[in-house]
Every structure is written in structure tokens, then in C-alpha cells.
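> I would like the atomic coordinates for the input below:
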Amino acid sequence: MKTIKVGMVKTKKNEYSRVVEFENGYGASIISHDYSYGGPSGLFEVGVLRDGILVYDTPVTKDTVGWLDFAGVSAILKEIEELPVREEI
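Next up, the predicted model:
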């Protein structure tokens, strides 16, 4: 398995975002801002993406996952990357 390295993009003061895409067709949205889960505490929220759209039907989560530190983000990204290839509908 390859190592996941994520650099956050600071969009505004105390606002960070990044989209990561994986070969299995999934991706992740990683955010931190005043209105994200954990953002006011300097933590991150991750959502699973498919074709750039949030999806809520994966084994990883049925919602977004908040209150994550860097280790938590890395763990969620690994889970998303290891999902089987999603078949087109």
C-alpha cells in the first residue's frame, strides 16, 4: 500500500480544505473551519466522495466524520483507499 500524504490548503484565516482522490474511484473531502465538526478546536472533518459528490453509503461511514486529528484523518483515508472499486450504476 502506498503512503498517503496530505497537504492542507489554507483558504482563509483558520479555514483549511483538501480533496484527495484514490484509484478505486473514491475520494475524500477534508475540511476544518468554524462550522465543521471539530473545526473550532483545530480538528478536521472528512467526507467520502464518489465523482466529487459526498456519498453516505460506504462501510467507512454513513455520514461525515468529525473531530479528527491528523492521525484520525490518515486512518479514515486509509479505509477509503482500501474500499473495493465501486461499480458504476
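> check the gap between the nearest residue to residue 56 once chain neighbours are set aside and residue 41 for me.
Closest residue in space to residue 56, ignoring its immediate chain neighbours: residue 62 at 5.3 Å, by CB to CB, 6 or more residues apart in numbering. Any C-beta I mention is one placed from the backbone N, CA and C, and that applies to glycine too. With distances taken as CB to CB, to the nearest Å, residue 62 is found 23 Å from residue 41.
> can you check residue 33 too?
Distance, residue 33 to residue 41, using CB to CB: 12 Å.
> who's more crowded, these two?
Taking other CB atoms under 10 Å, residue 33 and residue 41 do not tie; residue 33 has more neighbours (16 against 10).
> what bridges to the spatially closest residue to the more buried one that is not a sequence neighbour?
Nearest non-adjacent residue to residue 33, counting by CB to CB, 6+ apart: residue 15, 4.1 Å away. As for beta bridges, residue 15 partners with residue 12 under DSSP bridges.
> tell me if I'm right that residue 15 and residue 35 touch.
No. Using CB atoms under 8 Å as the test, residue 15 is too far from residue 35 to be in contact (9.6 Å).
> between those two, tell me which one has more neighbours.
residue 15 (16 against 9).
> OK, contacts around that one?
Counting by CB atoms under 8 Å, 6 or more residues apart in numbering, residue 15 touches 31, 32, 33, 34.
> could you check how far the second one is from residue 53?
Distance from residue 32 to residue 53, counting by CB to CB: 21 Å.
> between the two, which is the more surrounded one?
Ranked by neighbour count (other CB under 10 Å), residue 32 and residue 53 place residue 32 first, with 24 against 10.
> where does residue 76 land in three-state SS?
helix (DSSP: H, G, I helix; E, B strand; the rest coil).
> start at 52 instead
All right, first residue 52 from here; so that's residue 127.
> wait, doesn't it sit right on residue 117?
No. Residue 127 is beyond contact range of residue 117, at 10.6 Å (criterion: CB under 8 Å).
> which residues do these two both contact?
Joint contacts of residue 127 and residue 117 (CB under 8 Å, 6+ apart) are residue 97.
> looking at the two, which is more packed in?
Neighbour count, other CB under 10 Å: between residue 127 and residue 117, residue 127 has more, with 21 against 18.
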